[in-house]
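Undergrad: everything below, folded, please.
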Amino acid sequence: MITSATTPAQQAEFARRIAGKPYFAAVMGTALTLFGQKPGSGWSFYLLPGGALALRGGTATLCGALPDADTAEELQSFLQFVRTDRVLTEQPLPFGTEAPPLTLWRLPKGCTLPLPPAPPAALTLTEQPAMLPVSRLAFADKAQADGFYSAACTAMAHGIGCCHALLQDGAPVCTVGCFSQSKTESYMSAGVTAPAWRGKGLAGWLIVRMANELAQQRDAVFACEQALNGWYRSLGFTQNGIIQQYITDWNTL
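TA: Residues are numbered from 1 along each chain as shown. Okay, here's the model as predicted:
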């Protein structure tokens, strides 16, 4: 049975099930900490046999393995009811259309990577950028930008993570952030470069610099599309598993 994780005991069980799981402990755990008691946040959290499930917008994130066909059928019906369009999962699913997985990368705690060449002198590094312009750089869609702005500001207000940016005349042209953490991992995300500045090495320098700082206290981790695997490997990061990804077009299932 799928049960909403709303009580302290249920949320403690949710946290126990994701503990120590790369990516899932940091991302799902931070969301639970920040939004578990805020029904209007857009996040919802559930327990089901064998795992823990988080929903936000059209994306479902599942940590754990489905123990039997009945649980898989119940989950499929539930996700159809709430109209998800994408599922990120630790283990393969028996439904949905399998999409290319995301690759997890890591810089272990205590390690550092050599910095790529520094950005042009015309750009200024800031470790406390204004988040509204950063959100607009990261997401062209206004609703997505607004959602990211709210979540990122909430995380940083609670002392979780940070955001760095390179500015040209005060406007961000490249950014990367960390807005999710577990006891052992700092999860990096929202690495974006403005189109006019791509191909100039800005992202590599900014990402490695932040990863080196985060790895002083925890493993620095992130996920990427497979097309970027070679680039992150060349920067020195170590592959740390994959996240299965499924598209759920309920009109064809």
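
Undergrad: which parts of the stretch 1-150 of the chain are helices?
TA: Under the criterion DSSP state H, counting those that start in this stretch, the stretch 1-150 of the chain contains helices at 8-18, 24-35, 69-82, 131-138, 142-157.

Undergrad: buried residues in stretch 73-83?
TA: For stretch 73-83, a neighbour-count test (16 or more other C-beta atoms under 10 Å) marks Glu74, Leu75, Gln76, Phe78, Leu79 as buried. For glycine as for every other residue, the C-beta is placed from the backbone atoms N, C-alpha and C.

Undergrad: next up, the contacts around Glu225.
TA: Counting by C-beta atoms under 8 Å, 6 or more residues apart in numbering, Glu225 makes contact with Pro100, Leu102, Thr103.

Undergrad: for the residue lying closest to Pro117 once chain neighbours are set aside, give me phi and psi.
TA: In space, and not counting its chain neighbours, Pro117 is closest to Gly201: 5.8 Å by C-beta to C-beta, 6 or more residues apart in numbering. Torsion angles at Gly201 (phi, psi; degrees, to the nearest 10) stand at phi 80, psi 10.

Undergrad: so Gly201 makes contact with Leu123?
TA: No: contact criterion C-beta atoms under 8 Å: Gly201 and Leu123 do not qualify, at 11.2 Å.

Undergrad: show me where the stretch 151-253 of the chain has strands.
TA: For the stretch 151-253 of the chain, the strands defined by DSSP state E, counting those that start in this stretch occupy 162-168, 171-181, 185-193, 219-224, 238-247.

Undergrad: how far away is the closest residue to Pro133 other than its chain neighbours from Met156?
TA: Leaving aside its sequence neighbours, Pro133 sits nearest to Pro172 (C-beta to C-beta, 6+ apart; 5.4 Å). According to C-beta to C-beta, to the nearest Å, Pro172 and Met156 sit 15 Å apart.

Undergrad: next one: Val134
TA: Distance from Val134 to Met156, by C-beta to C-beta: 11 Å.

Undergrad: more crowded one of these two?
TA: Higher neighbour count among Val134 and Met156: Val134, with 25 against 17, using other C-beta atoms under 10 Å.

Undergrad: can I assume that one is in contact with Pro172?
TA: Yes: with contacts counted by C-beta under 8 Å, Val134 reaches Pro172, the gap being 5.3 Å.

Undergrad: now the angle from the least confident helix or strand in the chain by mean pLDDT to helix 24-35?
TA: When the helices and strands of the chain are scored by mean pLDDT, DSSP states H and E, helix 142-157 comes last with a mean of 93. With axes from the mean of the first three to the mean of the last three C-alpha atoms, to 10 degrees defining the directions, helix 142-157 sits at 90 degrees from helix 24-35.

Undergrad: same for helix 142-157, what does it pack against?
TA: For helix 142-157, the packing partners by 3 or more C-beta pairs under 8 Å, 6 or more residues apart in numbering; DSSP states H and E come out as helix 24-35, helix 131-138, strand 162-168, strand 171-181.

Undergrad: what's the closest of these to Trp250?
TA: Among these, the nearest to Trp250 by C-beta to C-beta is helix 24-35 (23.6 Å).

Undergrad: got the buried residues for the closest one?
TA: Quick answer for helix 24-35 (16+ other C-beta under 10 Å): Phe24, Ala25, Ala26, Val27, Met28, Gly29, Thr30, Ala31, Leu32, Thr33, Leu34, Phe35.
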